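A.B. asks: attaching a predicted model along with its sequence, questions to come.
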Amino acid sequence: MLPPNYTTRSIISLAVPIMVGNLAQTLITFVDTAFLGHLGAVELGAAMMAGLYYYVFSTLAWGFATGIQIIVARRFGENNQLEVGAVFKHGLLVVAGLSVLLFCLLHFCTDVLLKAIISSPDILAYSEEFMKYRHYGIIFVCFNFLFRSLYVGLSDTKIIVYTTFLMALVNIFFDYGFIFGNCGLPELGVAGAAIASVLAEVSAFLFFIFYTLFRIPTRKYGILPVRKVRIPLVGSIVKLSLPTMGQRLVSFGAWFVFFVMIERTGELAVAVSGIVRSAYMVILVPVFAFAATANTLTSRIIGEGHSDEVGHLLRRILKICLVFLIVLVAVCAIIPDTIATIYTDDAVLAAASVPSLRVVCCSALLMSGACILFEAVSGTGRTMVAFILESAILVIYIGYILMVTKVFPMPVEVIWCAEILYAILLGSVSYGYLRWGKWREKRI
């Protein structure tokens, strides 16, 4: 029997703001793709490749923030409020160093890496132009992930709604201005999309700071003042977070490989995948939100001493997630041609995108269970187990991609079936570990 504070209503009240928050990055991708798709297929493909390259680096910050989120939720469940602030403050120190490191890597290594990865000269040129400006956002992204992890861990997620709307408004305005030269701004094309994204991230960062200082009881949670640095606490945070950083890196790194292999099959396939990726990420918004909810609530319920109720909790979360997800999947499955025309005026490109859109509809349904179960594995504190499980799955995933792109070249919709394979494998191994693994005695 679940404790009374884990009702359907409480789960939804936690997940919906996360869902809206996840929509922020998805909206940035959606708006960029929709605007750039009307410039041309090459520009669309370039922005997609550069954006994916950028997110491979930002996933390190996301992985670290996930570790912080797990610890915050556990301490919150234990009613240890002062330690929540200590974890956050020491997380700030690590994020400061991580953000500088990632900025330097992007600033000095991007041109060399993109030349080694992208085969099309036109896509390469536009990708380099995009990243010339986009990499300045990495510092703000790192801190934004950390703030999000604090509020999700505390189940105080309404601020995520505020930052999402702010980011969306800023991004749409500057995309419209900088890409096409509207509102008195210079016409910058692909570079304009990158600048708009950076400005959106800066706006969210500033809002997080002011909200935290003026609306959160900082003394209650020990967020202020900052006194002595506790090296053992930094070590424990890094120890828990490193596997989640590695897991996010290999996961999104494999997805980047997926698009690199598609890019080498032709520019049409890249443009199709840019459309499909954007639509897929919109469909997956509730999946990622309820997966983050599963991560937080799994850690919290264990901290409260109710580890035997994790299975009941996850079943409830999955049922609620499917209610939200089925609406999006149904719309995409019924009118995929209409969705494709949002991104492009090219009738051939729109028609070529329809089969792959139907594939990701099937994948999204499977991903709902897979992501929720997998994030619950991390929520137990077994982050190294989660890293090992996904790494093994990604070997098979990449093997499939190589087979259908290099050994037996297939249409792009068959390549996208890799997502279905990934979801089936991830869900199976996560369920197996939660059912038979030794995670109940794990302390963090």
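C.D. replies: Structure received.
A.B. asks: where in the protein is pLDDT low?
C.D. replies: Residues of the chain meeting the criterion pLDDT under 70: 23-30, 33, 37, 225-226, 441-443.
A.B. asks: could you redo the last one with a cut-off of 80?
C.D. replies: Confidence mapping of the chain against pLDDT under 80 gives the ranges 1, 5, 20-41, 44-45, 48, 155, 216-227, 440-444.
A.B. asks: now do the strands in the stretch 51-200 of the chain.
C.D. replies: In the stretch 51-200 of the chain, no segments count as strands under DSSP state E, counting those that start in this stretch.
A.B. asks: my guess is V385 meets G432, correct?
C.D. replies: No - contact criterion Cβ atoms under 8 Å: V385 and G432 do not qualify, at 11.2 Å. Any C-beta I mention is one placed from the backbone N, CA and C, and that applies to glycine too.
A.B. asks: could I get the contacting residues of G177?
C.D. replies: When contacts are counted by Cβ atoms under 8 Å, 6 or more residues apart in numbering, G177 touches C183, G184, L185, G192, A196.
A.B. asks: and A423, by the same measure?
C.D. replies: Taking Cβ under 8 Å, 6+ apart as the contact definition, A423 lies against S363, L366, M367, G369, A370.
A.B. asks: secondary structure element for it?
C.D. replies: helix 418-436 (DSSP states H and E).
A.B. asks: repeat that for L357.
C.D. replies: Assignment of secondary structure by DSSP H and E places L357 within helix 347-379.
A.B. asks: equivalent analysis for K239, please.
C.D. replies: In the assignment (DSSP H and E), K239 maps to helix 231-263.
A.B. asks: list the buried ones in that helix?
C.D. replies: 233, 236-237, 240-263 (16 or more other Cβ atoms under 10 Å).
A.B. asks: and that helix, what does it pack against?
C.D. replies: Under the contact definition 3 or more Cβ pairs under 8 Å, 6 or more residues apart in numbering; DSSP states H and E, helix 231-263 sits against helix 41-77, helix 81-117, helix 267-283, helix 383-402, helix 412-415.
A.B. asks: apply 6 Å and report the result again.
C.D. replies: When contacts are defined as 3 or more Cβ pairs under 6 Å, 6 or more residues apart in numbering; DSSP states H and E, helix 231-263 sits against helix 41-77, helix 81-117, helix 267-283, helix 383-402.
A.B. asks: quick one: the shortest one to helix 347-379, angle?
C.D. replies: Okay, so that is helix 267-283. Direction vectors for helix 267-283 and helix 347-379, defined by axes from the mean of the first three to the mean of the last three Cα atoms, to 10 degrees, enclose an angle of 50 degrees.
A.B. asks: got the angle between helix 267-283 and helix 418-436?
C.D. replies: Compare the direction of helix 267-283 with that of helix 418-436 by the same axes, to 10 degrees and you get 40 degrees.
A.B. asks: can you dump the C-alpha coordinates of helix 267-283 into CSV?
C.D. replies: Output in CSV follows, covering the C-alpha atoms of helix 267-283 (Å, rounded to 0.1, in the frame of the first residue of the first chain):
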residue,chain,number,x,y,z
GLU,A,267,21.2,15.1,-47.3
LEU,A,268,17.5,14.1,-47.8
ALA,A,269,17.8,11.5,-45.0
VAL,A,270,19.4,14.1,-42.7
ALA,A,271,16.5,16.6,-43.4
VAL,A,272,13.9,13.8,-42.8
SER,A,273,15.6,12.9,-39.5
GLY,A,274,15.7,16.6,-38.5
ILE,A,275,11.9,16.7,-38.8
VAL,A,276,11.4,13.3,-37.2
ARG,A,277,13.7,14.1,-34.3
SER,A,278,11.9,17.3,-33.5
ALA,A,279,8.5,15.7,-33.6
TYR,A,280,9.7,12.7,-31.6
MET,A,281,11.1,14.9,-28.8
VAL,A,282,7.7,16.6,-28.5
ILE,A,283,6.0,13.3,-28.2
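A.B. asks: contacts for the helix or strand that it is followed by?
C.D. replies: Downstream of helix 267-283, the next assigned helix or strand under DSSP H and E is helix 285-303. Outside helix 285-303, the residues that touch it by Cβ atoms under 6 Å, 6 or more residues apart in numbering are 14-15, 18-19, 22-23, 26, 70, 73-74, 77-78, 152, 310, 313, 317, 321, 324-325, 367-368, 371-372, 375-376, 378-379.
A.B. asks: buried ones only from these, please, as a ChimeraX command.
C.D. replies: Those of the contacts of helix 285-303 that meet the burial criterion (16+ other Cβ under 10 Å) are gathered into one ChimeraX selection, given here:
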select :14,15,18,19,22,23,26,70,73,74,77,152,310,313,317,321,324,325,367,368,371,372,375,376,378,379
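A.B. asks: okay if I get the contacts of G177 as a markdown table plus distance to V112 and neighbour count?
C.D. replies: Formatted as a markdown table, those follow (distance: Cβ to Cβ, whole Å; neighbours: other Cβ atoms under 10 Å):
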| residue | distance to V112 | neighbour count |
| --- | --- | --- |
| C183 | 36 | 10 |
| G184 | 37 | 6 |
| L185 | 31 | 17 |
| G192 | 25 | 25 |
| A196 | 26 | 28 |
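A.B. asks: rewinding a little: who wins for most neighbours among the contacts of A423?
C.D. replies: The most crowded member of those is M367, carrying 26 neighbours; neighbours defined as other Cβ atoms under 10 Å.
A.B. asks: tell me the contacts of that one?
C.D. replies: Counting by Cβ under 6 Å, 6+ apart, M367 touches V287, A423.
A.B. asks: looking at it, S127 is touching A47, isn't it?
C.D. replies: No - if you go by Cβ atoms under 6 Å, S127 and A47 don't touch, sitting 7.8 Å apart.
A.B. asks: show me what contacts D32?
C.D. replies: By Cβ under 6 Å, 6+ apart, the contact set of D32 is A47, A193.
A.B. asks: what strand or helix carries it?
C.D. replies: Secondary structure assignment for D32, by DSSP H and E: helix 8-37.
A.B. asks: V359 and P186, how far apart?
C.D. replies: Relative to P186, V359 is positioned 39 Å away (Cβ to Cβ, to the nearest Å).
A.B. asks: of those two, who's got more company?
C.D. replies: For V359 versus P186, the count of surrounding residues by other Cβ under 10 Å is larger for V359: 21 against 10.
A.B. asks: so how far is C142 from T110?
C.D. replies: Relative to C142, T110 is positioned 17 Å away (criterion: Cβ to Cβ).
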